[in-house]
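S.K.: Sequence plus the predicted model coming up.
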Amino acid sequence: MNERATITISKRALELAEKRAAEEGVSPEEYVDGLIAGDSLEDLLEQPWLRSKIEEGLASPIVGELTRERVAQLVEEGIALAERRR
């Protein structure tokens, strides 16, 4: 179901959503959908733009071997990025 609805947010919130969406390479709508879906990891992983980014990363020649250490590093980087965005 891909129905649209309209909500009102502050100009500052809209500017921030547009900026973050541009950084992620998605539309502001996809970015906000992802934030809301982030309440559930399963829902977040179903976001088409995120699946695309994951697949793009896995296909990258610089991925290298996915060791426990590399996964821990990626998780730490993701947490740090999320905290900076708060």
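M.R.: Received it, and whenever you're ready, just let me know what you need. Numbers count the residues shown, from 1 in each chain.
S.K.: For the longest helix seen in the chain, list every residue counted as buried.
M.R.: Ranked by number of residues, the top helix in the chain under DSSP state H is helix 68-85. Judged by neighbour count (16 or more other C-beta atoms under 10 Å), helix 68-85 contains no buried residues. Any C-beta I mention is one placed from the backbone N, CA and C, and that applies to glycine too.
S.K.: average model confidence for that helix?
M.R.: The average of the pLDDT scores along helix 68-85 is 76.
S.K.: residues in contact with the closest residue to residue 20 other than its chain neighbours?
M.R.: Nearest in space to residue 20, with sequence neighbours left out and distances taken as C-beta to C-beta, 6 or more residues apart in numbering, is residue 31 at 5.7 Å. Counting by C-beta atoms under 8 Å, 6 or more residues apart in numbering, residue 31 touches 17, 20-21, 24.
S.K.: For ChimeraX, what selects the buried ones among these?
M.R.: A single ChimeraX command selects the buried members of these (16+ other C-beta under 10 Å):
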select :17,20,21
